[in-house]
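Trainee: please work out how this folds:
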Amino acid sequence: MNMPTKYRVKPSIWMGAIFAVALFFLPAVAGLPFAGLPKPLYMLISTALVVVIAVGIAAALGWLRPLLFEPNRVKGVLPMLFAFGPVLYIVYCTVSTDWAVLPTTTIVLALLSGLYSGAWEELMFRGALLIGIRGNLKEVWVAVITAVAFGLLHSINFVAEPGAETGYQVVYAIMVGFAFYAIRRVTGSIFFCMVVHMLNNAMESMAEHSNATIATLASGFSMANIIFIAGLVLGIIGAVVVIRRTPQVSLLAPTTPSHALR
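Mentor: You can find the predicted model right below:
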């Protein structure tokens, strides 16, 4: 994948943060005229607005290609297997769901909600913020800061549900943030992060609606939590592996030939 040799606006932590904050607020504001529409249609329009706004800002900054694609994909079966560790929990939720009791509307809304959150949050954290941090710091900080910021976003849930359960969600989001970072690195694209993120949210929601046991603090040492935590640990190991292989990633195309990663 060819990377640009220069940008209209140089990537930096502050520009990445401003871009991410814009993605946090602008889609919600732009979606206000559509709030009265049926929920499935509203979710589709909201997702489209997120993508259009992200692509528009990235194109204006000259960040579009690195927003969507990795300049140095980490190859190898082992890093790929580790990075996709959270898929174990997606499989568990899929198998545990009693599909017979789920109305079609519940399934559709869960998928559309997952699509929205997957696109929105990945473009914010594994997109805008990642590029900005990468403009100044090594990959270990790219992974840590994007994962922690992703987790802190979920602390908003303390408003509706104060207590240990929300704290558990924040910790989980930080851990899975490392896995999503690793997925971007091993696949070479943010799109796979979006898909795994979408499926994780959607399948867990459907499992919960069918009264299956899902990973929560209250479910203790359940099979759901064991599989859930195992997948997160694998994802974190995946992040460590890719960082060790490429501790520094250049956002600019090299001016001289470089050797392919082995």
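Trainee: residues in contact with residue 126?
Mentor: By C-beta atoms under 8 Å, 6 or more residues apart in numbering, residue 126 lies in contact with 146, 180, 181, 184, 190, 193. To be clear about C-beta, it is placed using only N, CA and C from the backbone, and glycine gets the same treatment.
Trainee: please identify the buried residues of stretch 79-94?
Mentor: 79-80, 82-90, 92-93 (16 or more other C-beta atoms under 10 Å).
Trainee: helices of this structure, residue ranges please.
Mentor: Assignment of helices within the chain using DSSP state H yields the ranges 13-30, 39-61, 64-68, 77-83, 87-96, 104-122, 130-134, 139-153, 164-187, 190-209, 223-245.
Trainee: starting at the chain centroid, how far to the third one?
Mentor: If you compare the mean C-alpha spot of helix 64-68 with that of the full chain, they lie 15 Å apart, counting by C-alpha atoms, centre = their mean, to the nearest Å.
Trainee: same deal with stretch 178-192?
Mentor: Remark: stretch 178-192 is offset 8 Å from the chain centroid, using C-alpha atoms, centre = their mean.
Trainee: what does stretch 137-146 contact?
Mentor: 13, 125-126, 129-130, 133-134, 177-178, 181-182, 239, 242-243, 246-249.
Trainee: tell me where the model's unsure across the chain.
Mentor: Applying pLDDT under 70 to the chain flags residues 1-6, 252-262.
Trainee: need the contact list for the residue minimising distance to the centre of it.
Mentor: Geometric centre of the chain, nearest residue: residue 122, 3.7 Å, by C-alpha atoms, centre = their mean. By C-beta under 8 Å, 6+ apart, the contact set of residue 122 is 180, 190, 193, 194, 197.
Trainee: try residue 118
Mentor: 193, 194, 195, 196, 197, 198, 201.
Trainee: residue 180 against residue 192, yeah?
Mentor: No: with contact defined as C-beta atoms under 8 Å, residue 180 does not count as touching residue 192 (9.1 Å).
Trainee: more neighbours, the two?
Mentor: Using other C-beta atoms under 10 Å as the criterion, residue 180 and residue 192 rank with residue 180 on top: 30 against 17.
Trainee: what's the farthest-apart pair in the contacts of residue 122?
Mentor: Greatest spacing in the contacts of residue 122, by C-beta to C-beta: 190 and 197 (10.0 Å).
Trainee: now restrict the contacts of stretch 137-146 to buried residues only.
Mentor: Buried residues within the contacts of stretch 137-146, counting neighbours by 16+ other C-beta under 10 Å: 13, 125-126, 129-130, 133-134, 177-178, 181-182, 239, 242-243, 246, 249.
Trainee: between the residues you listed, which sits nearest residue 151?
Mentor: Nearest to residue 151 out of these is residue 177 (C-beta to C-beta; 6.2 Å).
Trainee: so what's the residue lying closest to residue 213 once chain neighbours are set aside up against?
Mentor: Distances taken as C-beta to C-beta, 6 or more residues apart in numbering place residue 224 nearest to residue 213, at 4.7 Å, with adjacent residues excluded. Neighbour list for residue 224: 89, 92, 96, 212, 213, 214, 215, 216 [criterion: C-beta under 8 Å, 6+ apart].
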